[in-house]
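Participant: Sequence first, then the predicted structure, then my questions.
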Amino acid sequence: MAGTGLLVTSAIIAFPASSMAQGSAKSSSETSNTSDTWVVTLGATVEYGPTYEGSKHYSFGVLPSFDLHRLGEAPEYSAPDDNFDYGLFNIGGLEIGPVVGFRDDRLDLDNLRLQSQRRVHWNLDAGGFAQYWLKDNQLRFRTEVRQSLWGGDGLIADLALDWFQPVGDKWLLSAGPRLSLANTTYMRSNFGISPNSPAVRSGRVSAFDADGGFKSVGVTVAATYSISPDWSVQVYGKYNRLIGAASDSPVTSRFGSPNQNIIGFTLNRTFNINF
């Protein structure tokens with residue numbers, strides 16, 4: 001999404017958009033030489049997408065990206081919709097750890113004469129991720145489960161399968177399907193219509209009690225070009241089709257659209273920090 005909350009948050013916080021790279025095994029001598037040096041990648045992204053989830057209106061948003069790994073570690077590929085994570089465990093190739101994400105706000109629906117069951121504000125969410133490389137550094141399965149940190153905005157579970165394909169020394173292409181689920185709290189906050197809404201009392205629209213379950217299916221594609229060892233650019237596109245209660249809600253079916261398209265452009269700068 002590309003709402004106003006991204007513009008505010010990008011000025012004060014830097015977290016999503018790339019997965020924390022995990023290291024390969026190193027000898028004890030390599031570890032002692034590089035343990036105090038970290039490779040930091042900072043990026044700025046411009047997105048054009050729905051003003052809020054389910055909207056048919058589009059706007060621009062700005063958000064940051066961040067990645068960090070020790071010098072000498074081999075960074076893993078990541079997708080543009082990975083949130084910021086840190087791998088704590090590796091069990092037979094299954095990487096597990098905490099993840100932090102961001103939820104955009106939603107414009108007031110008073111212009112539609114609707115009143116959702118809860119207002120939707122920008123929020124941080126946190127939870128866990130798990131990913132497994134079905135084919136080393138080419139085919140990856142990943143899932144994230146995240147709960148909002150305040151406001152009681154509910155739980156989201158995202159599943160992704162990505163194929164990464166280097167092209168020459170400069171290009172990296174990626175693509176893969178997406179599936180998203182949400183609990184009842186999230187669905188009612190974003191897609192429910194309160195019986196107390198003026199539009200319901202006037203008969204303009206029926207109340208809608210959105211239940212949890214499948215929220216969307218989609219696909220994400222990206223192309224990354226390395227300008228130099230220090231600079232890279234990425235162009236990506238995300239398409240999500242809202243399903244279930246998210247699609248049936250009047251917020252989507254009458255006043256918005258189930259088709260959610262996002263395009264983005266990211267500029268990244270990589271540098272070393274010594275501690």
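Facilitator: Nice, thanks for sending it over.

Participant: now stretch 83-91: how far from the chain's centre is it?
Facilitator: From the chain centre to the centre of stretch 83-91 is a distance of 16 Å (C-alpha atoms, centre = their mean, to the nearest Å).

Participant: what comes up buried for that stretch?
Facilitator: Asn83, Phe84, Asp85, Gly87 (16 or more other C-beta atoms under 10 Å). Glycine gets a C-beta too; all of them are placed from N, C-alpha and C.

Participant: One more: stretch 140-157?
Facilitator: For stretch 140-157, a neighbour-count test (16+ other C-beta under 10 Å) marks Arg140, Arg142, Thr143, Glu144, Val145, Arg146, Gln147, Ser148, Asp153, Gly154, Leu155, Ile156 as buried.

Participant: got it, and stretch 94-103?
Facilitator: Buried, per 16+ other C-beta under 10 Å, within stretch 94-103: Glu95, Gly97, Val99, Val100, Gly101, Phe102, Arg103.

Participant: Show me the residues you listed that map onto helices.
Facilitator: In helices, judged by DSSP state H, none of the buried residues of stretch 94-103 are found.

Participant: Which of those sits closest to Lys215?
Facilitator: Arg103 (13.0 Å; C-beta to C-beta).

Participant: What is the neighbour count of the closest residue to the closest one other than its chain neighbours?
Facilitator: Leaving aside its sequence neighbours, Arg103 sits nearest to Asn123 (C-beta to C-beta, 6 or more residues apart in numbering; 4.3 Å). Counted with other C-beta atoms under 10 Å, residues neighbouring Asn123 total 19.

Participant: these two touch, right, Asp158 and Gly176?
Facilitator: No - using C-beta atoms under 8 Å, Asp158 is not in contact with Gly176; the gap is 11.9 Å.

Participant: Can you say which two of the buried residues of stretch 140-157 are spatially most distant?
Facilitator: Arg140 and Asp153, at 28.1 Å, using C-beta to C-beta across the buried residues of stretch 140-157.

Participant: thinking again about what came up before, out of the buried residues of stretch 83-91, who's nearest Ile243?
Facilitator: Among the buried residues of stretch 83-91, and counting by C-beta to C-beta, the member closest to Ile243 is Asn83, at 21.9 Å.

Participant: quick one: which helix or strand includes Leu173?
Facilitator: Using DSSP states H and E, the element containing Leu173 is strand 171-182.

Participant: Kindly format the C-alpha coordinates of the helix or strand just after that strand as PDB.
Facilitator: Next along the chain after strand 171-182, taking DSSP H and E as the criterion, comes helix 184-191. Written as PDB, here are the backbone C-alpha positions of helix 184-191 (Å, rounded to 0.1, in the frame of the first residue of the first chain):
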ATOM      1  CA  THR A 184     -11.000 -12.000  12.200                       C
ATOM      2  CA  THR A 185      -9.700  -8.900  14.100                       C
ATOM      3  CA  TYR A 186      -7.700  -7.800  11.100                       C
ATOM      4  CA  MET A 187     -10.500  -8.400   8.600                       C
ATOM      5  CA  ARG A 188     -13.100  -6.600  10.700                       C
ATOM      6  CA  SER A 189     -10.800  -3.600  11.200                       C
ATOM      7  CA  ASN A 190     -10.000  -3.300   7.500                       C
ATOM      8  CA  PHE A 191     -13.200  -4.600   5.800                       C
END
